[in-house]
Structure formats: structure tokens, C-alpha cells
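Chemist: Any chance you can model this:
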Amino acid sequence: MITLAVDCMGGDHGPRVTLAACRQFLEHHPDARLLLVGLPDSLQAFAHDRAVIVPASEVVAMDDPVEVALRKKKDSSMRVAIQQVKDGAAAAAVSAGNTGALMAIARYLLKTLDGIDRPAIATQLPNATGGATTVLDLGANVDCSAEHLLQFAVMGSALVSVLQEGGEPTVGLLNIGEEVIKGSEVIKKAGELLRSAAKSGDLNFFGNVEGNDIFKGTVDIVVCDGFVGNVALKASEGVASMIIGALKTEFSRHIFTKMAAIIAYPILKALMKRMDYRRYNGAALLGLRGLVFKSHGSADAMAFEQALNRAYDAARNNLLDRVRTRIAHAAPLLVPADAQPQPGVAATAQ
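Modeler: Coordinates of the predicted model:
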């Protein structure tokens, strides 16, 4: 039985969406159990033999500053849900709440894994191959060192090895060109570290990739800093919504396009399904001593259920242990350059 802790109060819609998603999830996963965390009065109508209500007296609002969520709302549904993971009561926590607050609380309660300086947010974006490209970081870290980008690549490889079967996932470093001489000094150094990691067998490094490679499906994983990753995520969601909306509008405007739509309906339906970002909802907070998944704040029941599915798959496939194993193997490369002992200089005891 895999147990997930759900922050039922988070997101733009709260229990109206999260509880509907939880019910669907339980129907599809007979070996799963849910801890529904939130205000008891808002959850008491939900009844299921594999769901238990865990009370919380506060809610982190979507516009709450991180300091308020972390230091003042110590009995929030978000914090209580993550506490279930820390206490071992749940294998993973899922929330659609404030991203900054979720990352801060998760990092405070769970701490980072040895060898990881900063957790990263990773999710999948649909690509032209019919699959998805995993991108990280998506906003947790705006300024990243080369060592941080290497850490993201190691953690992302562990995540994708859980999500897909067969072969070592390929990793690309997002850059302004494929050539190794391009990019900032941080990107150039990150490329050197990633090539070294490939030689030591820690990664399957493809090389530099450009923004369009995310959607071509050139590689399984694209590594970048959080500023660039978040822009790419929001842009992809906007483009997908625009295309789907334009198709619906155009095919309802004229009799001839309506007829064409009827003929092409199976193809159009498949295209819209592939581009529906709700199917890819659920971002992993990687690098923590516990599993936490972030749902989009505006997620509907279908999208939130996808986030629950991702948390379930990660727990069932021992994602945390896989990340630990990869980090331990790549440990010599993950140490920041300024923390490495200089030749001929003895390390001093701390």
C-alpha cells in the first residue's frame, strides 16, 4: 500500500478540485492510500475506506510571502502534508499551493540530500515524438553555478529512469547554440563538468541543445537555470492553449471548416490530447530527503490527478533511493570548485 499526503487546501480551487481528483485517483489505484490534509470542515464530506483526514488549522494562500508560510503558519495544510513525509507516514506529498512556500517548507522540514546544494523543480513538456522532455530547473533557482547544473542533471537522470523503461536517459545542456565555445562562462564550465560525468559513467550527456530541442524531443532531459526554465514552461503552456483555442474557433466559424473538422476529427482530437498540458501536470522537487510533488495552481481535477499519479509512480519505483545512488556515485564531481582542497594544501578540520 503506497500512501500519499495531499494538501487539499492548496491551489486556486482548493477542495473542490483536490477532493474530486483524489476520488478518481483512488478508483484507479487499489493499492494506494491517501492522507487528506486540510481544514476538517472542508473535508468531512469525503468518505473512502482508503482515505484518512489529517486536520490542519491554517492554509497558505497563493499570495502569502514565504516568510509568512514558513514562520507564522506552522499548522498549515501544506506544512502538515510535508510533515507526514518526514515522519514516515506518507511516501510522498502533493500540493497545488504557493510554489515558493512549498519549496521553502519542504527544504526546511526534509533537508537536502548529501551532495546537493539546492533542490530543483522538474517536470515534463510534450514533444514532437509523442513523448515528453523533462526540464529542470523550472524556477526554484534563478542563479545557478556550473556545479548546480551538474547536480540537476544527475537528479533528472534518476527521475527519468523511473518514468521511462530501457536505456540510459540522454541529457542536454540548454544553450544559445550547439557549439561548446558558445554560452556564458557558467554554461561552458557546466558543459565541461557534464562531459566529465559522461566519461565516468554518471550521465549520458548528449551535448548542448537549443530551446527548440525541448519540443523536438532531441534529448530526454534538458538542464537549465530556473529563470530560463520557468520562462520556457510558461511559454509552452501559452502556445499550447493558443493553438487549441484557435483550432476550436476556426473550425466552428464556417460550414466548410466544420465539414473539414468532422473528417479530420480523430487527428485533431489526438493532437489536442498531445498538447494538453494537464496530462503533464506534476513537478518533482528533486534533491530533498523525501518526495514532494507540485501541481499547477490552476489545475482542474484531471490535472491534479496527474500530479497524484506522478507522486505514486515515484514512490512505487523508489525514486528517492535512485537519486541517492546516483548522487553517491557522482559525489567527486558534485563538490563545488571553491570547496575542493587545492593541490598541496591539507584540508582543515571543521
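Chemist: element containing residue 138, please.
Modeler: Of the helices and strands defined by DSSP states H and E, none includes residue 138.
Chemist: Please state the backbone phi and psi of it?
Modeler: Residue 138 adopts backbone torsions of phi -110, psi 20, taken as degrees, to the nearest 10.
Chemist: Check whether it really touches residue 231, as I assumed.
Modeler: No - taking contacts as C-beta atoms under 8 Å, residue 138 lies outside contact range of residue 231: 9.6 Å. C-beta: built from backbone N, CA, C; applies to glycine.
Chemist: In terms of packing, which of the two has more residues around it?
Modeler: Taking other C-beta atoms under 10 Å, residue 138 and residue 231 do not tie; residue 138 has more neighbours (25 against 14).
Chemist: Okay, residue 172 and residue 214: tell me how far apart.
Modeler: Between residue 172 and residue 214 the computed distance is 9 Å (C-beta to C-beta, to the nearest Å).
Chemist: quick one: common contacting residues for those two?
Modeler: residue 222 (C-beta atoms under 8 Å, 6 or more residues apart in numbering).
Chemist: How about the residue nearest to residue 50 when sequence neighbours are not counted: which residues does it bridge to?
Modeler: The shortest distance from residue 50 to any non-neighbouring residue, by C-beta to C-beta, 6 or more residues apart in numbering, is to residue 33 (4.7 Å). Beta bridges link residue 33 to residue 3, judged by DSSP bridges.
Chemist: Which residues are in contact with residue 33?
Modeler: Shown in contact with residue 33 (C-beta under 8 Å, 6+ apart): 1, 2, 3, 4, 50, 51, 52.
Chemist: Give the full set of residues in contact with the fifth one.
Modeler: With contact set as C-beta under 8 Å, 6+ apart, residue 50 has these partners: 1, 26, 32, 33, 34.
Chemist: switch to 10 Å and redo it
Modeler: Counting by C-beta atoms under 10 Å, 6 or more residues apart in numbering, residue 50 makes contact with 1, 3, 26, 29, 30, 31, 32, 33, 34.
Chemist: name the element residue 5 belongs to?
Modeler: For residue 5, the element it lies in under DSSP H and E is strand 2-7.
Chemist: other SSEs contacting that strand?
Modeler: helix 15-28, strand 32-38, strand 51-55, helix 77-86, strand 92-95, strand 291-294, helix 301-316 (3 or more C-beta pairs under 10 Å, 6 or more residues apart in numbering; DSSP states H and E).
Chemist: any idea of the mean pLDDT in that strand?
Modeler: In this model, strand 2-7 has a mean pLDDT of 98.
Chemist: send the alpha carbons of that strand over as CSV?
Modeler: The C-alpha coordinates for strand 2-7 follow below in CSV (Å, rounded to 0.1, in the frame of the first residue of the first chain):
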residue,chain,number,x,y,z
ILE,A,2,1.5,3.3,-1.1
THR,A,3,0.4,6.3,1.0
LEU,A,4,0.4,9.9,-0.3
ALA,A,5,-0.2,13.0,1.7
VAL,A,6,-2.4,15.5,-0.1
ASP,A,7,-2.6,19.2,0.7
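Chemist: shared neighbours, residue 138 and residue 231?
Modeler: Residues touching both residue 138 and residue 231 by C-beta under 10 Å, 6+ apart: residue 224.
Chemist: any weak-confidence spans in this protein?
Modeler: Within the chain, the stretches falling below the threshold (pLDDT under 70) are 165-166, 237-278, 335-350.
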